[in-house]
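Chemist: Structure for this input, please:
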Amino acid sequence: MISVSLISLLAYFLCVPLTAIMILWLYDDEKRYSKKAVPTQKTMCECDICLFHFTADKEEVFVRCPQCGNLMERKGAKH
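Modeler: Numbers count the residues shown, from 1 in each chain. Below is the predicted model of the structure:
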């Protein structure tokens, strides 16, 4: 008959699930942070009055701040 101590049994039943959870956690973490950048048709803008940052279409010359409603010309816009 095979004799196994209680401490060895507890160590086995604790280490195996914890190792599996750690491997799944590392896999999910790697998958989450390895996302690729996707090209977009929007650009970042900053309001001249309230300094709020927001996105606007690249083709728009005049943009309105969603926070304060200021109408401004987008910097770097092609006329």
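Chemist: from here on, contacts and neighbour counts on C-alpha atoms
Modeler: Fine.
Chemist: what's the distance between the residue nearest to Ile49 when sequence neighbours are not counted and Ala56?
Modeler: What sits nearest to Ile49 in space, not counting adjacent residues and going by C-alpha to C-alpha, 6 or more residues apart in numbering, is Asn70, at 7.4 Å. Note on Asn70: its distance to Ala56, by C-alpha to C-alpha, to the nearest Å, is 14 Å.
Chemist: Between these two, which is the more surrounded one?
Modeler: Ala56 (19 against 14; other C-alpha atoms under 10 Å).
Chemist: Pull up the pairing partners for the helix or strand where the more buried one lies, direction included.
Modeler: Element membership of Ala56 [criterion: DSSP states H and E] is strand 53-57. With DSSP bridges as the test, strand 53-57 is paired with strand 42-46 (antiparallel).
Chemist: Just the terminal-to-terminal distance for stretch 47-59.
Modeler: End-to-end distance of stretch 47-59: 17 Å, with C-alpha to C-alpha as the criterion.
Chemist: Report the buried residues of it.
Modeler: Neighbour-count burial for stretch 47-59 flags Cys47, Ala56 (criterion: 16 or more other C-alpha atoms under 10 Å).
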